[in-house]
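Participant: Let's see this in three dimensions:
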Amino acid sequence: MAVLSKKVKASTLMETLVASVLIVIIFMVASLVLNNVLVSHTKYATDEIEAKLNELEYRAGLGQLRYPYQENHGDWDIYIEQSTEGNKTINRLVATNKKTGRTLTTQSLESAKQ
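Facilitator: Okay, the predicted model is just below:
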């Protein structure tokens, strides 16, 4: 039978409580940071509206839209206007978020059809 020749030192109750509190604080801070990242990503994500603007820009290039064009897409108001400068046609697409007030603007330039 093996006998331990070295004595193992145990921790006190106070050391265990301090370590537990530190671990809880670290996990709490980490969860708050993760929550902040997820909330800001969902609040400022524009992938869906950018895809919709690309679709509308494509449809405008095919002549499938009447101007001025207006549409609601979720929390976004979309407005498209067309103007002509010389022999160029410019489609201006503006999307405004109703909740955050954020605005996305794109322009497409086309040659006039002959």
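
Participant: Buried residues, the longest helix along the chain. List them.
Facilitator: Criterion DSSP state H: the longest helix present in the chain is helix 13-44. For helix 13-44, a neighbour-count test (16 or more other CB atoms under 10 Å) marks nothing as buried. (Each C-beta comes from the backbone N, C-alpha and C, glycine too.)

Participant: how close does the spatially most central residue of the chain sit to K52?
Facilitator: Note on the chain: the residue nearest the mean C-alpha position is A45, at 1.5 Å, using CA atoms, centre = their mean. Going from A45 to K52 by CB to CB, to the nearest Å gives 13 Å.

Participant: returning to that earlier point: the longest helix of the chain packs against which elements?
Facilitator: Helix 13-44 is packed against no helix or strand, with contacts defined by 3 or more CB pairs under 8 Å, 6 or more residues apart in numbering; DSSP states H and E.

Participant: Average pLDDT for that helix, rounded please.
Facilitator: For helix 13-44, mean pLDDT is 92.

Participant: Buried ones in the helix or strand just after it, by neighbour count?
Facilitator: Along the chain past helix 13-44, the next helix or strand (assigned with DSSP states H and E) turns out to be helix 47-61. The neighbour-count check on helix 47-61 (16+ other CB under 10 Å) flags I49, K52, L53, L56, E57, A60 as buried.

Participant: Pull the residues that contact helix 47-61.
Facilitator: Contacts to helix 47-61, defined as CB atoms under 8 Å, 6 or more residues apart in numbering, come from residues 65, 69, 71, 73-74, 76, 78, 80, 82, 91, 93, 95, 97, 104, 106, 108, 110.

Participant: Kindly report the same for stretch 83-96.
Facilitator: With contact meaning CB under 8 Å, 6+ apart, stretch 83-96 is reached by 49, 52-53, 56-57, 60-61, 73, 76-82, 102-112.

Participant: now with 10 Å?
Facilitator: Outside stretch 83-96, the residues within contact range by CB atoms under 10 Å, 6 or more residues apart in numbering are 46, 49-50, 52-54, 56-57, 60-61, 65, 67-69, 71, 73, 75-82, 102-114.
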